[in-house]
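*Asks:* Generate a structure from the sequence data that follows.
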Amino acid sequence: MLVLVLLTVQNAGAVLLMRYTRSIPGETEFVTQTAVMMQEFLKGMTCVFILLNTEGTLSSAWAQPVEALKTAVPALLYLGQNN
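*Replies:* Numbering: from 1, shown residues only. Below is the predicted model:
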């Protein structure tokens, strides 16, 4: 449940922040791909932090390779779609 809330806040915040930044007078345009990559990086670091706090190690993420692929493939497709 915590992850769902964090993901919702992160996605809504990213859209609002990018829209606000583009509306500021005098600010130059930014590359949206960079914003998406930074968003995905922060999302990944949040996941690592949660995993380290709950499991104590990152090796549990690779304990079941099929499950890791089930989450990695949609994540990579989402990243490609947003760039």
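*Asks:* Ala75 versus Thr21, what's the distance?
*Replies:* 25 Å (Cβ to Cβ, to the nearest Å). Any C-beta I mention is one placed from the backbone N, CA and C, and that applies to glycine too.
*Asks:* let me redo that: Lys43
*Replies:* From Lys43 to Ala75 the distance is 9 Å (Cβ to Cβ).
*Asks:* Which one's more surrounded, those two?
*Replies:* The neighbour comparison of Lys43 against Ala75 (other Cβ atoms under 10 Å) goes to Lys43, with 17 against 14.
*Asks:* wait, that one sits on Gly13?
*Replies:* No: in this structure Lys43 lies outside contact range of Gly13 using Cβ atoms under 8 Å: 11.5 Å.
*Asks:* quick one, longest helix in this protein?
*Replies:* What stands out as the longest helix in the chain, according to DSSP state H, is helix 32-55.
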